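Peer 1: using only what follows, build the 3D model:
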Amino acid sequence: IIHPPSTTISCHLVDNQFYVATVKDGIFKLENQKLFPFIADDILNEKKVSFIIPYQNNKLLIGTALHGCFVYEEGKLTPWQTPINTTLKEYQLNSFSENDNYFIFGTIQNGVYLTDRTGQIKFQVNKENGLLNNTVLGQIVTNDGKLWLGLNSGIVQVDLSSNLVFYNDSSGKLGAVYDI
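Peer 2: Numbering: from 1, shown residues only. You can find the predicted model right below:
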């Protein structure tokens, strides 16, 4: 049994390297059955790390629930300077997945956002345009391009390869449609 110095928040496998994110002591690297400090930056203190992925040229992209994403490069952790980062802080990042085209960010309060790999928002799926509700608890992208979302009121499948868009005007803003 390996005991980190504080409570484990999450574990991540990145390029065959195992990382352990803790509540108070940052992120550790597992090597030879021992944990070694990897990122001990105060920025991560008391933050819930949601994901860690490889990112552009030997960097890591680290997502947190309420404080957005950070880029780790050469021992330095800096906020990810992208449009999606402000949105993630506002709507609480909860889950993450990716495919060849998109980073996919599931939120607790406003559905799922799909961005390109630079963090530019390409589109969003939420209750206003088809989800049962806005709370994304889990997600996975299948090999055939389907995004499955676990919501707090069921599951939903989004076909990422489809050009069709579903409009469900639950707010009444759209009005009557007479011609397409």
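Peer 1: which ones are touching Val14?
Peer 2: Ile52, Ile53, Pro54, Leu60 (CB atoms under 8 Å, 6 or more residues apart in numbering). Every residue, glycine included, has its C-beta placed from N, CA and C.
Peer 1: partner residues bridging it?
Peer 2: Using DSSP bridges, the beta-bridge partners of Val14 come out as Gln17.
Peer 1: could the contacts of Val14 go into JSON lines alongside distance to His3 and neighbour count?
Peer 2: Below are the contacts of Val14 laid out as JSON lines (distance: CB to CB, whole Å; neighbours: other CB atoms under 10 Å):
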{"residue": "Ile52", "distance to His3": "21", "neighbour count": "24"}
{"residue": "Ile53", "distance to His3": "26", "neighbour count": "17"}
{"residue": "Pro54", "distance to His3": "27", "neighbour count": "12"}
{"residue": "Leu60", "distance to His3": "24", "neighbour count": "22"}
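Peer 1: which two in these are spaced the farthest apart?
Peer 2: By the measure CB to CB, Ile52 and Pro54 form the most distant pair in the contacts of Val14, at 8.6 Å.
Peer 1: got any residues that touch both of these two?
Peer 2: Taking CB under 8 Å, 6+ apart as the contact rule, Ile52 and Pro54 both touch Val14, Leu60, Leu61.
Peer 1: for the first one, give its distance to Ile52.
Peer 2: What it means is Val14. Distance, Val14 to Ile52, by CB to CB, to the nearest Å: 5 Å.
Peer 1: what do the two both touch?
Peer 2: Leu60.
Peer 1: returning to what we had before: I'd like the contacts of Val14 laid out as CSV, including secondary structure, pLDDT and distance to Gln124.
Peer 2: As requested, the contacts of Val14 are arranged in CSV below (DSSP: H, G, I helix; E, B strand; the rest coil; pLDDT from 0 to 100; distance: CB to CB, whole Å):
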residue, secondary structure, pLDDT, distance to Gln124
Ile52, strand, 97, 24
Ile53, strand, 97, 20
Pro54, strand, 96, 25
Leu60, strand, 97, 25
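Peer 1: avg pLDDT for stretch 87-97?
Peer 2: Computed over stretch 87-97, the mean pLDDT rounds to 96.
Peer 1: roughly how far does the most centrally placed residue in the chain sit from Lys34?
Peer 2: What sits nearest the mean C-alpha location of the chain, by CA atoms, centre = their mean, is Phe96, with 3.0 Å. According to CB to CB, Phe96 and Lys34 sit 28 Å apart.
Peer 1: pull the helix-or-strand element of the chain with minimal mean pLDDT out as CSV, backbone CA atoms only.
Peer 2: Sorted by mean pLDDT, DSSP states H and E, the helices and strands of the chain end with strand 154-159, the least confident at a mean of 91. Provided in CSV are the C-alpha atoms of strand 154-159 (Å, rounded to 0.1, in the frame of the first residue of the first chain):
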residue,chain,number,x,y,z
GLY,A,154,-29.9,9.6,-17.6
ILE,A,155,-27.4,9.1,-20.5
VAL,A,156,-27.2,10.7,-23.8
GLN,A,157,-25.3,10.0,-27.1
VAL,A,158,-24.0,12.8,-29.2
ASP,A,159,-22.8,11.9,-32.8
